[in-house]
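In: Sequence and predicted structure, then a few things I'm wondering about:
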Amino acid sequence: MPVLNEVDYLERAVETVLAQDVDGPTELILALAPSTDGTTELARRLSAGDDRIVLVDNPRADIPVGLNLAIRAGRYPTIVRVDAHSELETDYARRALTTLERVRAANVGGVMRADGRSPFQRAVARAYNSPIGLGGGAYHGGTQEGEAESAYLGVIRRAVLDEVGLFDESIRRGEDWELNLRIRRAGYRVWFDPALSVTYWPRESWPRLVRQFSATGRWRGELVRRFGRGNSLRFFAPPLLVVDILLALVVGVLQLTGVLGGWWSVAASVVYLPVAVYAVLILAVAVGPGGGHGWRDKLWTAAVLPTMHLAWGWGFLVGVARGAHDTVDTSRLGSRNTPLP
């Protein structure tokens, strides 16, 4: 479990990991980045109270570095990746181990069940759980078991990691996708099992959400530079939306200033159609069933969805054009998280 500034979530996440009813010895290795909100002190108290908790320092604060430090410190033949912003069902690990053996896979993952505590966080969770929000990946609500492109978190055979290599430390976001690409190219199965689910608590404020999705989009652009069409087509939808919106703005200015007129103006107006369809789709999702706790949740949903898409899409375009370089997700940095009302 890589950990950075998670004082509000860490204890519950640790409790759910230690409560796993697996037949055999277990350990929980926390890779501690330099936190500023009391997370490190909390982790030390938790470790002092249970000898199954092992602490390793992750001074660089990069997720793949922390994961590799934790894996190298591990003693057992199966690696269960967990997140400090997540909560596991008691039978999660046992079910995953059973599936791992049943289908002879190298990595098994399940469904991310996002949840929220405030209207804003619930809106983000609703977007995560919607096929419109994150592009319909299997682990965002899939129901059909089978081979998958990647796995959410993942329960991985250590022997396969030793063969294909650990997480690529030059990739700061999307490192799980790249690892699963290597696993699949080595001839092993990555498997999705919808019977496995993990509760995930998304970002609690708009600025944090923007920073998260902008960084993630930029790294996806970097992965496209590196691996081309190894990337799923669904990753290209947000940047195409951004491009169309920019074109619509340009066309609108040219029409208003009279530079573009006649049939050229009519033909160019086609760029408005995708934007209009997208706006209707967002409103339909926002006011549709599953709206949660009232009008505030619905309004936040209408704001959150385009925020996620446009931040991710713009980041993607920058990543494709310039690369990700040392881009980091800063949404976990700073003081304690302050939920929106």
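Out: Nice, I can see it.
In: does residue 177 sit in a helix or strand, and which one?
Out: Following DSSP states H and E, one finds residue 177 within helix 175-185.
In: Show me what the following helix or strand past that helix pairs with in its sheet, parallel or antiparallel.
Out: Once the chain leaves helix 175-185, the next helix or strand it forms, by DSSP H and E, is strand 190-200. Each strand paired with strand 190-200, and its direction, by DSSP bridges: strand 86-88 (antiparallel), strand 107-114 (parallel), strand 146-147 (antiparallel).
In: relative to helix 175-185, how tilted is strand 190-200?
Out: With axes from the mean of the first three to the mean of the last three C-alpha atoms, to 10 degrees defining the directions, strand 190-200 sits at 160 degrees from helix 175-185.
In: next one: strand 190-200 to chain centre, how far?
Out: Distance of strand 190-200 from the chain centroid (C-alpha atoms, centre = their mean, to the nearest Å) equals 14 Å.
In: Out of the strands paired with strand 190-200, which gets nearest to residue 309?
Out: Of all the strands paired with strand 190-200, it is strand 107-114 that lies closest to residue 309, at 16.2 Å by C-beta to C-beta. From N, CA and C alone the C-beta is placed, and that goes for glycine too.
In: Which secondary structure elements does whichever strand or helix holds residue 226 sit against?
Out: In this structure, residue 226 sits in helix 206-227 according to DSSP H and E. When contacts are defined as 3 or more C-beta pairs under 8 Å, 6 or more residues apart in numbering; DSSP states H and E, helix 206-227 packs onto helix 175-185, helix 237-256, helix 295-322.
In: is it true that residue 104 touches residue 187?
Out: No: Residue 104 is not in contact with residue 187 according to C-beta atoms under 8 Å; the separation is 11.6 Å.
In: And the contacts of the helix or strand that contains residue 67?
Out: Taking DSSP H and E as the definition, residue 67 sits inside helix 63-73. Applying C-beta atoms under 8 Å, 6 or more residues apart in numbering, the contact partners of helix 63-73 are 1-3, 29-31, 33, 54, 56-58, 79, 81, 158, 161, 166-169, 171-173, 175.
In: can you check stretch 199-209 too?
Out: Counting by C-beta under 8 Å, 6+ apart, 9, 83, 85-88, 112-118, 120-121, 124-125, 128, 212, 303-304, 307-308, 311, 331-332, 337-340 sit against stretch 199-209.
In: What's the mean pLDDT across stretch 333-341?
Out: Per-residue pLDDT over stretch 333-341 has a mean of 45.
In: CA atoms of the lowest-mean-pLDDT helix or strand in the chain as CSV?
Out: Ranking every helix and strand in the chain by mean pLDDT, DSSP states H and E puts helix 131-134 at the bottom, with a mean of 82. Extracted C-alpha coordinates of helix 131-134, given in CSV (Å, rounded to 0.1, in the frame of the first residue of the first chain):
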residue,chain,number,x,y,z
PRO,A,131,-19.6,4.2,-18.2
ILE,A,132,-19.8,7.8,-19.3
GLY,A,133,-17.4,9.0,-16.6
LEU,A,134,-14.3,6.9,-17.2
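In: who does that helix touch, helix- and strand-wise?
Out: Under the contact definition 3+ C-beta pairs under 8 Å, 6+ apart, helix 131-134 sits against helix 119-129, helix 272-287, helix 295-322.
In: most tightly surrounded among those?
Out: Across the helices and strands packed on helix 131-134, averaging neighbours per residue (mean count of other C-beta atoms under 10 Å) puts helix 119-129 on top, at a mean of 24.
In: Please work out the average pLDDT along that helix.
Out: Helix 119-129 comes out at a mean pLDDT of 91.
In: Can you name every helix or strand that that helix contacts?
Out: strand 107-114, helix 131-134, helix 295-322.
In: could you redo the last one with a cut-off of 10 Å?
Out: The helices and strands touching helix 119-129, judged by 3 or more C-beta pairs under 10 Å, 6 or more residues apart in numbering; DSSP states H and E, are strand 107-114, helix 131-134, strand 190-200, helix 206-227, helix 272-287, helix 295-322.
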